[in-house]
Structures are given as structure tokens and as C-alpha cells.
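Asker: no FASTA, just this:
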Ligand code: ATP
């Protein structure tokens, strides 16, 4: 059970330079997670407590997981990921125990970065319904809060949580000593999109006519994950055409194809 809910990566390979368009967020994460791991004595000398936990919130596919992995990489920490939704939906009755196991695992693998994705699944606002599912979710959240509150010497373990549904969160998890640093990770702006296109084509063989600024303008609402998908699809167009170089036109076709698929998806859902 544990192995399926928790993913452990002893040395993640993502670096800050793989993440485009969210420079300020990278800076904040470095200050709140990296610094306490690398130089805990700085905080002691000054006489302040580093933030207990950091909450990243924003739309899907904007780089939240990447950020958490990059900090773990930068600090030579073990990266331990747990998905809130999996925890609650797949293993009814196990939630609280899994949370205990998670922190135990982190203690055994210090320094460690615990990443709890989709935290809204275990930390949603209380609803009125009294279904057993809700009680189970409550117990899981209480255990998480207990682990965080009881974290006297947090030393070499840092906690990062992520959500796409900030509005749904129970405010109890945002109290001081818990997730008391909030970092919004938005969709990239034009410059960010351009940067992300450059990152994802770094190892691609692209022709000189590929205009990254124009690509950024073409995909106005795209997230980083969307841009990555377009780059891969552009490569597929080149392969289908038996070429080893990827042209501007391939990116345009890839964008059109992905947009069409999204439209088809929406139609089939209605
Ligand atoms: P979710 O909320 O869906 O879990 P997330 O914000 O955690 O999403 P990631 O898992 O970090 O998103 O991103 C998914 C993939 O999209 C990454 O592996 C990467 O390839 C690409 N990507 C997303 N954001 C960026 C970014 N800012 N720069 C470069 N690549 C990005």
C-alpha cells in the first residue's frame, strides 16, 4: 500500500533552470525551503523560526511538482511525494496510518522534502454530510496536523503541499506553524511561455525558422504542461514526415491538433 501512495526519489534530477516563467516563486521557495535545509544555523542565529510548511497553489501543470523536486535536488534531499487523492480514495481506513508512515519514512531518509500533492483531497473544508468517507478524510487531516504540530525539531525535513483548489481548503491547515507560507504559482505570461518553449526544445533539433516569441503568442492560455505536450507533438509531426528537424509549421500543427482534441473531448463529454 505504502509503495503505491508514496513515491520516493533519492536524487531527483530537476533543476531550477528547467523551470520557466516563475522566477519569483523559485526565489520564495529557495528562501523558505532551501535555506532552512542548507543553513539552519542562520535562522537560529537570527532567532526566527523558518516556515513550517509551504503551500503552492495555482492551476494544473504550472510547475509545482517541479519546484518541489528542484529544491530536493538542490539540497541533496530525498524527495517523497504523496498524492492526497490517492490516499483518501484508494485506501479507505488507512489514511491516518499512511500519514504516520510518510513522516517516519522522511525521518529515516533525512534530509527530506515531503511533497503532498492535491492536499485539498485531505484538507477540504468541513462539509455537513456525515458520511464515513468524510470522517476518514477528517482523521487523515488531523493526523497530518498532529505530525506538523509535533514537529519540534523539524531539522532536516521540510513539507511542501500543492493544490489547484485553494478555495476549498480548510483554513485550519494555514495556521501559523502549519502551512504558513503561501506561494501562488500562476500560468505563465508571454515571456514565461517563451522561456518554457526554449526549455522544452533544448534537446530538440529545431530549424532556424522556429520563432519562440511567436509560439508564445500562439498559445495564450497554455500552462507549462501544455507547452511540453505541444513540443512533443511537434516532434511527432516531424517523425511522421520522415524528418529529423522540427519546423515552425510542426509546432503550429501540433497546437492545432491539441486544440482540436480538446474540443472533441468537450463535445464528447456533453
Ligand atoms: P498538477 O497541479 O497537475 O500536479 P503541477 O503544477 O505540479 O501540476 P508539474 O507536474 O510540475 O505541474 O508539471 C508537469 C510537467 O509540465 C512538467 O514535468 C514539465 O515538463 C511541464 N511544466 C510545467 N510547468 C513548467 C514550467 N514552469 N517550466 C517548464 N516546464 C513546465
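Answerer: Right, received. Where do you want to start? This is a predicted model, so every value here is computed, not measured. Numbers count the residues shown, from 1 in each chain.
Asker: C-alpha from now on. contacts and neighbour counts both.
Answerer: Fine.
Asker: buried residues in stretch 229-248?
Answerer: Neighbour-count burial for stretch 229-248 flags 229, 230, 231, 233, 234, 235, 236, 237, 238, 246, 247, 248 (criterion: 16 or more other C-alpha atoms under 10 Å).
Asker: Where does the stretch 101-250 of the chain get nearest to the ligand, which residue?
Answerer: For the stretch 101-250 of the chain, the residue closest to the ligand is residue 225, as judged by C-alpha to the nearest ligand atom, at 3.2 Å.
Asker: Without its sequence neighbours, what residue ends up closest to that residue?
Answerer: Nearest in space to residue 225, with sequence neighbours left out and distances taken as C-alpha to C-alpha, 6 or more residues apart in numbering, is residue 61 at 4.7 Å.
Asker: show me the contacts for the one you found.
Answerer: Residues counted as contacts of residue 61 (C-alpha atoms under 8 Å, 6 or more residues apart in numbering) are 223, 224, 225, 226.
Asker: filter those residues to the buried ones?
Answerer: Listed as buried from the contacts of residue 61 are 223, 224, 226; burial here means 16+ other C-alpha under 10 Å.
Asker: in the stretch 101-250 of the chain, which spans are strands?
Answerer: Residue ranges of the strands in the stretch 101-250 of the chain, as given by DSSP state E, counting those that start in this stretch, are 112-117, 157-163, 179-184.
Asker: Okay, now the sheet partners of the first one, with direction.
Answerer: Strand partners for strand 112-117, identified by DSSP bridges, are recorded as strand 78-83 (parallel), strand 157-163 (parallel).
Asker: which residues does the closest residue to residue 179 other than its chain neighbours bridge with?
Answerer: In space, not counting the residues next to it along the chain, residue 179 is nearest to residue 53; the distance is 4.3 Å by C-alpha to C-alpha, 6+ apart. Residue 53 has these beta-bridge partners by DSSP bridges: residue 159, residue 179.
Asker: wait, residue 163 sits on residue 115?
Answerer: No - assessed by C-alpha atoms under 8 Å, residue 163 is found out of contact with residue 115, at 11.1 Å.
Asker: what about this structure, any weak spots by pLDDT?
Answerer: Low-confidence segments of the chain (pLDDT under 70): 1-4, 89-92, 127-133, 151-155.
Asker: Close to the ligand: what parts of the chain are there?
Answerer: 18-21, 60-66, 164, 196, 224-225, 228 (C-alpha under 6 Å from any ligand atom).
Asker: Most neighbours among these, which one?
Answerer: Taking other C-alpha atoms under 10 Å as the neighbour criterion, residue 64 ranks highest of these with 29 neighbours.
Asker: where exactly do the helices run in the stretch 51-200 of the chain?
Answerer: All helices of the stretch 51-200 of the chain, identified by DSSP state H, counting those that start in this stretch, fall at 64-74, 84-90, 95-108, 132-149, 190-200.
Asker: Let me know how buried the residue nearest to residue 213 when sequence neighbours are not counted is, in neighbour terms.
Answerer: Residue nearest to residue 213 in three dimensions, not counting chain neighbours: residue 194, with 5.7 Å by C-alpha to C-alpha, 6+ apart. Using other C-alpha under 10 Å, residue 194 is surrounded by 22 other residues.
Asker: cool, residue 45 as well?
Answerer: Applying other C-alpha under 10 Å, we find 8 residues neighbouring residue 45.
Asker: Secondary structure element holding it?
Answerer: Using DSSP states H and E, residue 45 maps to helix 40-46.
Asker: Counting neighbours, which bits of that helix end up buried?
Answerer: So, applying 16+ other C-alpha under 10 Å, helix 40-46 has no buried residues.
Asker: if we can go back for a sec, could the strands of the stretch 101-250 of the chain go into TSV alongside mean neighbour count and distance to residue 25?
Answerer: Formatted as TSV, the strands of the stretch 101-250 of the chain follow (neighbours: other C-alpha atoms under 10 Å; distance: least, C-alpha to C-alpha, whole Å):
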stretch	mean neighbour count	distance to residue 25
strand 112-117	26	16
strand 157-163	24	13
strand 179-184	18	7
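Asker: Perfect, I'm done here.
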